[in-house]
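A.B. asks: The amino acid sequence is not available; the structure is as follows:
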């Protein structure tokens with residue numbers, strides 16, 4: 001069973017890294033919205049395309065026009081923190097029990 005435990009541990013570590021990277025991308029996107037970057041820059045386009053599927057549902061829940069500021073990056077970051085605590089820690093605990 002230790003092989004399965006190692007698999008779940010490795011999955012938790014990789015998932016934690018992916019969530020960290022995605023959190024940084026959302027933070028960079030929020031910072032880019034303050035400076036109005038070149039929309040034709042390939043890096044800016046990549047960050048916008050990669051983060052929009054997560055930010056769009058949060059924008060529907062809390063429209064920016066009602067309060068004048070887009071809070072979707074902050075809500076998405078909190079959701080990522082929740083996933084990191086819930087999913088990653090659950091997988092780590094499950095892996096520890098299997099080893």
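C.D. replies: Yes, it's here. All figures in this text were calculated on a predicted structure; none of them were measured in a lab. Numbers count the residues shown, from 1 in each chain.
A.B. asks: Do I have it right that residue 96 meets residue 2?
C.D. replies: No. Shown here, residue 96 and residue 2 do not form a contact pair, counting by Cβ atoms under 8 Å, at 11.0 Å. (C-beta placed from N, C-alpha, C; glycine too.)
A.B. asks: quick one: least confident helix or strand in the chain?
C.D. replies: In the chain, the helix or strand scored least confidently by mean pLDDT, DSSP states H and E is helix 64-67, which has a mean of 71.
A.B. asks: Please spell out which residues along whichever helix or strand comes after that one are buried.
C.D. replies: The helix or strand immediately downstream of helix 64-67 is helix 72-83, counting by DSSP states H and E. Across helix 72-83, burial judged by 16 or more other Cβ atoms under 10 Å covers 72, 73, 75, 76, 77, 79, 80.
A.B. asks: Pick the one among these closest to residue 42.
C.D. replies: If you rank these by distance to residue 42 using Cβ to Cβ, residue 73 comes first, at 21.1 Å.
A.B. asks: Tell me where the model's unsure across this protein.
C.D. replies: 66 (pLDDT under 70).
A.B. asks: what about the longest helix in it?
C.D. replies: Looking across the chain with DSSP state H, the single longest helix is helix 2-35.
A.B. asks: hang on, the earlier thing: buried residues in the least confident helix or strand of the chain, which are they?
C.D. replies: Buried residues in helix 64-67, defined by neighbour count with 16+ other Cβ under 10 Å: none.
A.B. asks: And for stretch 42-56?
C.D. replies: Buried residues in stretch 42-56, defined by neighbour count with 16+ other Cβ under 10 Å: 47, 48, 51, 54, 55.
A.B. asks: Same list (those residues) but as a markdown table, adding secondary structure and distance to residue 14.
C.D. replies: Converted to a markdown table, the buried residues of stretch 42-56 look like this (DSSP: H, G, I helix; E, B strand; the rest coil; distance: Cβ to Cβ, whole Å):
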| residue | secondary structure | distance to residue 14 |
| --- | --- | --- |
| 47 | helix | 21 |
| 48 | helix | 25 |
| 51 | helix | 20 |
| 54 | helix | 18 |
| 55 | helix | 23 |
